[in-house]
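Q: Sequence and predicted model, in that order:
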Amino acid sequence: GESVGLHLPTLSVQEGDNSIINCAYSNSASDYFIWYKQESGKGPQFIIDIRSNMDKRQGQRVTVLLNKTVKHLSLQIAATQPGDSAVYFCAEDGNQFYFGTGTSLTVIP
Amino acid sequence: KAGVTQTPRYLIKTRGQQVTLSCSPISGHRSVSWYQQTPGQGLQFLFEYFSETQRNKGNFPGRFSGRQFSNSRSEMNVSTLELGDSALYLCASSAQTSGRGEQYFGPGTRLTVT
C-alpha cells in the first residue's frame, strides 16, 4: 500500500520574534534530553541538552525547559533568524534513544 | 577535528541484495550509534556500539546488523533488502563512556531499494 508520511507540526515565525517548539516524551525513566536541528540534506545537529535533575538550561539564544511532571520538553529560540529554519527534534535517552517526530520551523524574513 | 563521515553517501540496490554502510566517528569517540530516517517513521534507533561491543539495540529485524572495529569505525549491514528499507541511514558518535551523551551525526547514507 501507499506509505503515509509523518505529518510534521509546522511553526512559522517572523524574523526577530521568539520561537517555542514543544515536545512530549514517553519514558519517565529517561534521564537525558537533547534538542537537534536538521537542515535539508544534512544529519541532525546538536543544539542543547538537559539532564533530568534540571528544569531549565540556557545556551546561546536557546533555552530548554523540562517539565517531568507532564513529560514535556520545550525549546525556546530568541530573536529567530532565517538560518534557524529547519526541522527540530527532541530526543530522550533512557535505555534506548528515541527521537520525536520533529517540528518544521520556517522563519519569515 | 574532522566530523563523522559516512560512505557511500548514496546507494541504489535491488530487492534481495545486501548492503554494507560505513561510518568513521570523530577521532577519540568510542560510541557509535546508527539510525534509520524515513518520512513514514521518522528517526529510529537501530543499535549502538561501544568498544567493539553492541551496547543497545532497537526494534529492527535480524536482517539489520552491525559491528565496530578496534579503531571505532563501524559498519552496518542489511541483508535481503526490502523496498521499505529505503531510507537515510545516519551514524552518530559520542565521546561519552556511559550512555550516549552529546552525539555528533554524519551526513547519512541515502539508500534506495528498487
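A: The structure has been received and is ready for your questions.
Q: and chain B, which residues reach chain A?
A: B:4, B:33, B:35, B:39-45, B:48, B:56, B:58, B:84, B:90, B:92, B:99-108 (CB under 8 Å from any CB of the partner chain). Placement of C-beta: from N, CA and C, glycine included.
Q: If we use 10 Å, what do you get?
A: B:3-4, B:6, B:33, B:35, B:37-48, B:56-59, B:83-84, B:86, B:88, B:90-92, B:96, B:99-108, B:110 (CB under 10 Å from any CB of the partner chain).
Q: Restricted to strands, list these.
A: B:6, B:33, B:35, B:37-38, B:42-48, B:56-57, B:88, B:90-92, B:103-105, B:110 (DSSP state E).
Q: Show me where chain A has its strands.
A: A:10-14, A:19-24, A:32-38, A:45-51, A:56-58, A:62-67, A:72-77, A:86-93, A:97-99, A:103-108.
Q: I'd like to know which of these has the weakest mean confidence.
A: With a mean of 83, strand A:97-99 has the lowest mean pLDDT of the strands of chain A.
Q: The closest residue to residue A:8 other than its chain neighbours and residue B:95: what is the separation?
A: Residue nearest to residue A:8 in three dimensions, not counting chain neighbours: residue A:104, with 4.8 Å by CB to CB, 6 or more residues apart in numbering or on different chains. Separation of residue A:104 from residue B:95 (CB to CB, to the nearest Å): 30 Å.
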